[in-house]
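1. Have a look; sequence and predicted model below, questions after that.
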Amino acid sequence: RDGALLESRALTLKEDAFADVPPNELEQARASLGEDFVRGFHGTTTVAFQYAGGTVCCVDSRASLGTFVGSSAEKIIPISRKTLGTMAGSAADCVSWLRLLSALSKLHELETGAALTARQAARTLGRLLRQRRGEDHGVGTMVFDSDSLYYVDGEGYELKGSSFAVGSGSVYAYPALEAGLVDRLVDADAALKIAERAVATAAVRDAYSGGVLNLCVAEKGARGWRRLLRQPSPTSLR
C-alpha cells in the first residue's frame, strides 16, 4: 500500500497533477534507445467515438510482427465495470499496462466505493508511462466510458477527443468515420454500424488488420459497458 505505483495513482487523481514531457527530455529518451534498435511491424485497427447516447468501439483481432500474422488477439480489455481500454501497438505492453490499470481501479473502488472513470484511468496510465518514458513502451490505447474518450500513447501523452482510430489501418478507418459522422448521432444502432464499417474498411485495405470484429458500447445511464457483436471481418466491401 505504500508502493510507488499507489503513490503515483494518488498524485494522478489531483486536478493539477498533469504535466507535459519537456521536448528536450523526450528527445534524450528517444536517443537513449541507440541506433541498433529495430522496431517490428505491428498491425491493428481500433476505432471509438462518442455519440449522443454514449461511446461505441470496434476493434479487429489481428496481431502481427514482421511477416508473422495471427488473428486471435483480444483488443478490448476491461478496466472496470464501466470503463474499457483498447489495444494497439505491442500486445504485451498494452495488456500488462491495462491489467495494472484494472487492478488500480479495483483498489480505488475498495477505498472510495467508485471505480476509476475514463478520465481518471487515462490520467493514471499517462502518469505511469511518463515516469518510464524512454523505455519504449509500445502503447497506443483508447480509454473510454459512456461520458468521455481518451487516447494515451507510450510516452504518456493523454489526448481527449470525440473520435479516434488507432493502428496501421487508421488511415483507412478515418475516411469511413468522417463519411459517417456528418451529423450528431442519437441512434446507437447507427453509431455501431459506422464503427463496424470503419474497421471493416481497414480490414479489407490493410494487410495487417482483420480477423474478427468486436463491437462494444458504453451507454449513458447503463450499469456498464456491453459487448454487442463478434463476427469475422469481411474480405470485400459492399
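-> Yep, it's here. Numbering: from 1, shown residues only.
2. Skip the chain neighbours and tell me the closest residue to Ala202.
-> Nearest-residue entry for Ala202: Gly169, 2.9 Å, with adjacent residues in sequence omitted and distances by C-beta to C-beta, 6 or more residues apart in numbering. Glycine gets a C-beta too; all of them are placed from N, C-alpha and C.
3. so what's the one you found up against?
-> 43-45, 60, 199, 202-203, 205-206, 208-209 (C-beta atoms under 8 Å, 6 or more residues apart in numbering).
4. Return the members of those classed as buried.
-> 43-45, 60, 199, 202-203, 206, 208-209 (16 or more other C-beta atoms under 10 Å).
5. just the residues you listed now: which is nearest Asp153?
-> Among those, Thr44 lies closest to Asp153 (C-beta to C-beta), at 14.0 Å.
6. confidence score at Leu101?
-> The confidence metric pLDDT takes the value 95 at Leu101.
7. Show me where the chain has its strands.
-> Defined through DSSP state E, the strands belonging to the chain, from first to last, are 46-51, 54-59, 63-65, 68-70, 76-78, 84-86, 140-144, 149-153, 158-160, 163-166, 212-219, 226-232.
8. Make TSV out of those strands and add mean neighbour count.
-> As requested, the strands of the chain are arranged in TSV below (neighbours: other C-beta atoms under 10 Å):
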stretch	mean neighbour count
strand 46-51	26
strand 54-59	27
strand 63-65	18
strand 68-70	12
strand 76-78	19
strand 84-86	27
strand 140-144	28
strand 149-153	23
strand 158-160	15
strand 163-166	24
strand 212-219	22
strand 226-232	13
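9. among those strands, which is nearest Ala188?
-> Comparison of these against Ala188 by C-beta to C-beta identifies strand 212-219 as nearest, at 6.2 Å.
10. Remind me what the closest one packs against, helices and strands.
-> Using 3 or more C-beta pairs under 8 Å, 6 or more residues apart in numbering; DSSP states H and E as the contact criterion, the elements in contact with strand 212-219 are strand 54-59, helix 188-205, strand 226-232.
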